[in-house]
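Chemist: the following comprises the amino acid sequence and a computationally predicted model.
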Amino acid sequence: GSSSGVLRMIFLAAIGFFIMPFTLHKIGPEQYGIWAVAMTFIGYYSFLDLGLSGAVFTHMAYCFGREDQEEARNIYGAGLRIFGVVGLILMAATVVLASGVSFLNYTHGRLLAEVLLIVGISTAISFGMRVPFGTLNAGQHFDITAWVLILTGLLRGAGTVLVLNAGYGVISLAWLAVVTAIPANVLVLWTVHHKYPYLKIFSWPRWNRQTSKKLFNFGGPVLIGQIADRIRFQTDTLTVSFFIGLTAVAHYSIGSTLVLYYMDGIATIIGVLTPVLTMQKSVSDHAGFERSYFSGTRVALASSAFVAFGMIAWSRDFVSLWMGPAFTDIYPVIVILSIAVFLETSQATSVNALYASLHQKAYAALNISEAISNLVLSLLLARPYGMIGVAIGTLIPSIVFRGILQPIVVQRVLHIKIRDTALLYLRTGLRCTAFLALPWLITHFLLRPTYFHLIVVGILSAIAYAVPVWWLEFNAVGAQKIAASIRSARRLLVH
């Protein structure tokens, strides 16, 4: 699951590597800025997810661990019904939003309204697909969902080249997003039917009030966490557009996209432990839960450290080659955001553990507090310091809430001592820092501003870091612990 997820991230990143500059140069900074703003608005649609995606995923994992098919049917049916209603609400909201944007009649307002209408209605229709996708991931079928998303990325990338070379603009990108989502949805629905024949799309059990209440009780705090994530990572684009301009949005979105690839990549690696932790909780395997927690934390810290190093050491030359020298003004933003994301991704396992143990309320409180601080600071710092001020507005709350307060929350609700976690971070952190010495030397002596040198330095650095990390940090015992956690969860799922 982890390897297929990483492959998905690499493949989609490679597509984005070619498509993003191609799109920007074909449609221009202003239309690209419109596309970025439209996608930011559509991103806020996830608020009406109501946290139910996480609820479905977690409770389906519990059902698979306990082999409770009846409850799985109840959860699956309730999820599809609820998301169907949410989809209808989103359609109405899309019409209102597009009408409002068009009514404002500012420059490019009608074009933005058309993009919002096309992509927004498509998003509303496909909202129910969160249930089958979550079901497959709860059953640890990460490989299937990864290949489905790779197929979607391939179709969208090829389609983008065709339509933009034919002379079409941002509206064509909106329709392309609609069309390329259809094959993935069909494949996922068929796979769920094949893997879990007792889960029917058109044959649901009667409305179960208790099941729905359970989903909403779990989903409320998750929704707060999702809102917080949107505030932390999506409002920056809007802040830049309001205080600096659409051209600056194109620059800032390049930097934030690279950093989000970093965050999503680590989340993909660590995400495979979420159903493992959930299943261990479902059968009260406390020793296995703690073992998975510490093993996952070490993996998160080691992988986050290397990616953060790469973002800081290589991104300036990469952006210059990729987008052109004019975009290197975003390098300080990349560095600042990379540090903020490192503080988050290195603790990704603790977030998964909080959700798996149904302590999502504690994380929601922490997350929304950070998000509000982030928003306020970014707004205050945007005008005097520009894009760098917006990025600093993200970093400062991350230091306080991720670096200081999150370990305290984990100790209180999971009863995992701060001392044990701190010692783990100290030992693993010092080793990883030492292991990065050789990649730094490779970068210092071999890096040149060409794609060839970037690729060679990246490969050599990855090898120079991965070998000592594997043998000296995880060694045979660490590797066996990670593998044992995954095997035990699979046995629970199969038997």
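Modeler: Thanks, I have it. Numbers count the residues shown, from 1 in each chain.
Chemist: report pLDDT for Gly219.
Modeler: For Gly219, the pLDDT comes out at 71.
Chemist: what sits against the closest residue to it other than its chain neighbours?
Modeler: Spatial nearest neighbour of Gly219, chain neighbours left out: Gly51 (3.2 Å); criterion: CB to CB, 6 or more residues apart in numbering. Any C-beta I mention is one placed from the backbone N, CA and C, and that applies to glycine too. Taking CB atoms under 8 Å, 6 or more residues apart in numbering, we find Gly51 in contact with Phe218, Gly219, Gly220, Pro221, Val222, Leu223, Ile224, Gly225, Gln226, Gln360.
Chemist: so of those residues, which ones are in helices?
Modeler: Phe218, Gly219, Gly220, Pro221, Val222, Leu223, Ile224, Gly225, Gln226, Gln360 (DSSP state H).
Chemist: wait, doesn't the fourth one sit right on Asn367?
Modeler: No. Using CB atoms under 8 Å, Pro221 and Asn367 do not qualify as a contacting pair, with a distance of 9.3 Å.
Chemist: most neighbours out of the ones in helices among the contacts of Gly51, which is it?
Modeler: Neighbour tally across these (other CB atoms under 10 Å): the maximum, 26 neighbours, falls on Gln360.
Chemist: wait, what's in contact with that residue?
Modeler: Residues in contact with Gln360 (CB under 8 Å, 6+ apart) are Gly51, Gly54, Phe218, Pro221, Val222, Gly225, Leu354.
Chemist: and which of those residues is nearest Ser338?
Modeler: Nearest to Ser338 among those is Gly225, at 22.2 Å by CB to CB.
Chemist: so what's that closest one up against?
Modeler: Gly225 neighbours (CB under 8 Å, 6+ apart): Gly51, Gln360, Tyr363, Ala364, Asn367, Ile368.
Chemist: that one and Leu277: what is the separation?
Modeler: 17 Å (CB to CB, to the nearest Å).
Chemist: do Lys195 as well
Modeler: Lys195 is 21 Å from Leu277, by CB to CB.
Chemist: how about Pro439, secondary structure?
Modeler: At Pro439 the chain is in helix, as set by DSSP: H, G, I helix; E, B strand; the rest coil.
Chemist: so what's it closest to, chain neighbours aside?
Modeler: Ser461 (3.6 Å).
Chemist: relative to Ala437, how far out is that neighbour?
Modeler: Noted for Ser461: a distance of 11 Å to Ala437, by CB to CB.
Chemist: who has more neighbours out of these two?
Modeler: Neighbours per residue (other CB under 10 Å) separate Ser461 from Ala437, with Ser461 holding more: 24 against 12.
Chemist: helices or strands up against the strand or helix carrying Phe342?
Modeler: Here Phe342, judged by DSSP states H and E, is contained in helix 331-345. In terms of contacts (3 or more CB pairs under 8 Å, 6 or more residues apart in numbering; DSSP states H and E), helix 331-345 is packed against helix 246-271, helix 286-323, helix 360-398.
Chemist: and it, what's buried?
Modeler: 331, 333-345 (16 or more other CB atoms under 10 Å).
Chemist: which of those residues sits closest to Asn185?
Modeler: Thr345 (29.3 Å).
Chemist: right, and that closest one touches Asp264 too?
Modeler: No. With contact defined as CB under 8 Å, Thr345 does not count as touching Asp264 (9.5 Å).
Chemist: which residue ranges of the stretch 101-250 of the chain form helices?
Modeler: Secondary structure of the stretch 101-250 of the chain (DSSP state H, counting those that start in this stretch): helices at 109-125, 130-138, 142-165, 170-195, 209-233, 235-243, 246-271.
Chemist: and the second one, which residues are buried?
Modeler: For helix 130-138, the neighbour count (16+ other CB under 10 Å) marks Arg130, Val131, Pro132, Phe133, Gly134, Thr135, Leu136, Asn137, Ala138 as buried.
Chemist: could I get the residues you listed as TSV with pLDDT and distance to Ser284?
Modeler: Output for these, formatted as TSV (pLDDT from 0 to 100; distance: CB to CB, whole Å):
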residue	pLDDT	distance to Ser284
Arg130	83	29
Val131	85	27
Pro132	86	29
Phe133	86	28
Gly134	83	24
Thr135	85	24
Leu136	86	26
Asn137	80	23
Ala138	81	19
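Chemist: picking up where we left off before, now do the buried residues in the next helix or strand after the helix holding Phe342.
Modeler: Next along the chain after helix 331-345, taking DSSP H and E as the criterion, comes helix 348-356. Within helix 348-356, the residues scored as buried using 16+ other CB under 10 Å are Ala348, Thr349, Ser350, Val351, Asn352, Ala353, Leu354, Tyr355, Ala356.
Chemist: could you check the angle helix 246-271 makes with helix 348-356?
Modeler: Relative orientation of helix 348-356 versus helix 246-271 (axes from the mean of the first three to the mean of the last three CA atoms, to 10 degrees): 70 degrees.
Chemist: appreciated, that's everything.
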